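Colleague: structural data only, the sequence is not supplied:
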């Protein structure tokens, strides 16, 4: 004699229902993924611009503290002979790379500097 057992109908999905859901998800993915694929490049370019803006802020702060621009991006994270160095000037204490895995190109000339990425094509 079983005590406390109440017969219940087993609830669940049939194989047909599960397959139908998988097919619907596949159709939606086939529609959505190609539309988002073109946006990846745009998102990477926007991320590179934002990263360059962040590096520029760090360079400007370095210049305010030391009176001159750093000779390399490494100077933003490693103290050299600067007397007023108050770094690291980058949050992660490492030089960021662009969204394509390459280092940013930093050049300083006279009283100005330039930071650029080679972009998605590497040129």
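Modeller: Noted; the coordinates are in hand. What you see is a predicted model; the values in this text were computed from it and never measured.

Colleague: ok, the spatially closest residue to residue 111 that is not a sequence neighbour - how many residues close by?
Modeller: Of all residues beyond its chain neighbours, the one nearest residue 111 is residue 69 (7.8 Å), with distances taken as C-beta to C-beta, 6 or more residues apart in numbering. In short, each C-beta sits where N, CA and C put it, glycine included. Each residue near residue 69 was counted by other C-beta atoms under 10 Å, and the total is 17.

Colleague: and what of residue 24?
Modeller: Residues contacting residue 24 under the criterion other C-beta under 10 Å number 10.

Colleague: relative to residue 71, how far out is it?
Modeller: Taking C-beta to C-beta, to the nearest Å as the measure, residue 24 falls 58 Å from residue 71.

Colleague: how about the strands in the chain?
Modeller: 105-109, 112-116 (DSSP state E).

Colleague: could you tell me how far the last one lies from the centre of the chain?
Modeller: Put plainly, it is strand 112-116. Here the centre of mass of C-alpha atoms in strand 112-116, compared against the chain's by C-alpha atoms, centre = their mean, to the nearest Å, lies 21 Å away.
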